[in-house]
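Q: no sequence on this one, just coordinates:
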């Protein structure tokens with residue numbers, strides 16, 4: 001815990017163990033990172049090397065050394081590093097990738113807000129109880145917004161028919177390749193790429 005506190009405090013990031021990383025690998029990673037932070041602090045007098053880290057806290061996920069060999073920015077804006085990376089390489093990766101990660105976090109936040117507004121509008125327009133992501137295949141925020149925007153862009157006659165059939169029900173948006181069907185709870189499920 002002490003190593004984690006040192007690294008997170010100096011870098012301004014949140015560090016968490018990934019699914020593929022063992023506890024012992026994670027502990028060794030934190031010890032190595034804390035030593036690198038302390039060494040850099042002793043040499044340069046500061047550890048934070050990017051203004052983006054100070055503006056928005058970035059999530060750093062530590063994966064197994066077999067799963068991740070270099071730092072990457074995930075689609076959600078978190079940074080993924082490997083447990084086998086050297087301390088200086090980790091600091092460099094966090095510094096180099098933090099600006100990109102911060103941009104993606106902000107974009108994802110804006111997309112979620114737009115998606116929430118589209119869900120609210122669809123609920124109001126069609127009298128839906130709720131709109132949710134259904135099925136085993138993950139539906140992205142962009143796919144959900146695309147589906148709802150096509151529903152809302154229908155002409156007046158089609159919208160009145162949609163409202164007639166959906167009013168009072170819940171609408172589930174499933175992954176591509178699914179068929180329109182009723183879910184176990186009675187909600188109507190459509191694929192996000194319906195035509």
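A: Received it, and whenever you're ready, just let me know what you need. Keep in mind that what you see is a predicted model, and the values were worked out from it rather than measured.

Q: And the strands in the protein?
A: Ranges of strands in the chain, per DSSP state E, are 13-17, 58-63, 72-73, 79-82, 130-133, 170-174, 181-182, 188-191.

Q: Count the residues that sit near the residue nearest to residue 154 when sequence neighbours are not counted.
A: Using Cβ to Cβ, 6 or more residues apart in numbering and skipping the chain neighbours, the partner closest in space to residue 154 is residue 162 (6.5 Å). C-beta coordinates here come from the backbone N, C-alpha and C atoms, glycine included. Residue 162 has 17 neighbours, counted by other Cβ atoms under 10 Å.

Q: show me what contacts residue 162?
A: Contact analysis of residue 162 by Cβ atoms under 8 Å, 6 or more residues apart in numbering lists 126, 151, 154.

Q: Got phi/psi on the last one?
A: For residue 154, the backbone dihedrals (degrees, to the nearest 10) come out as phi -60, psi 150.

Q: From residue 182, how far off is it?
A: From residue 154 across to residue 182, the span is 21 Å (Cβ to Cβ, to the nearest Å).

Q: now the first one
A: Look at residue 126 and residue 182: by Cβ to Cβ, they are 16 Å apart.

Q: Which one's more surrounded, these two?
A: The neighbour comparison of residue 126 against residue 182 (other Cβ under 10 Å) goes to residue 126, with 22 against 11.

Q: hang on, that one packs against residue 167?
A: Yes: in this structure, residue 126 is within contact of residue 167 by Cβ atoms under 8 Å, at 6.4 Å.

Q: still on that earlier bit, looking at the strands of the chain, which is nearest to residue 116?
A: strand 130-133 (10.0 Å; Cβ to Cβ).

Q: what angle separates the helix ranked longest in the chain from strand 13-17?
A: Counting by DSSP state H, the longest helix found in the chain is helix 87-126. Angle of helix 87-126 versus strand 13-17, following axes from the mean of the first three to the mean of the last three Cα atoms, to 10 degrees, is 90 degrees.

Q: buried ones in helix 87-126?
A: Residues 87, 90-91, 93-95, 97-99, 101-102, 104-105, 115, 118-119, 122-123, 125-126 are the ones in helix 87-126 that count as buried (16 or more other Cβ atoms under 10 Å).

Q: what packs against it?
A: Here helix 87-126 touches helix 23-44, helix 51-55, strand 58-63, strand 72-73, strand 79-82, strand 130-133, helix 141-152, helix 156-166, going by 3 or more Cβ pairs under 8 Å, 6 or more residues apart in numbering; DSSP states H and E.

Q: Now do that helix against helix 156-166, angle only.
A: 100 degrees.

Q: Helix 87-126 - what's its average pLDDT?
A: Helix 87-126 shows an average pLDDT of 90 in the prediction.

Q: Please name the nearest non-neighbouring residue to the residue nearest the centre of the chain.
A: By Cα atoms, centre = their mean, the chain has its centre lying nearest to residue 76, at 3.1 Å. Of all residues not flanking residue 76 in the chain, residue 108 sits nearest, at 5.8 Å (Cβ to Cβ, 6+ apart).
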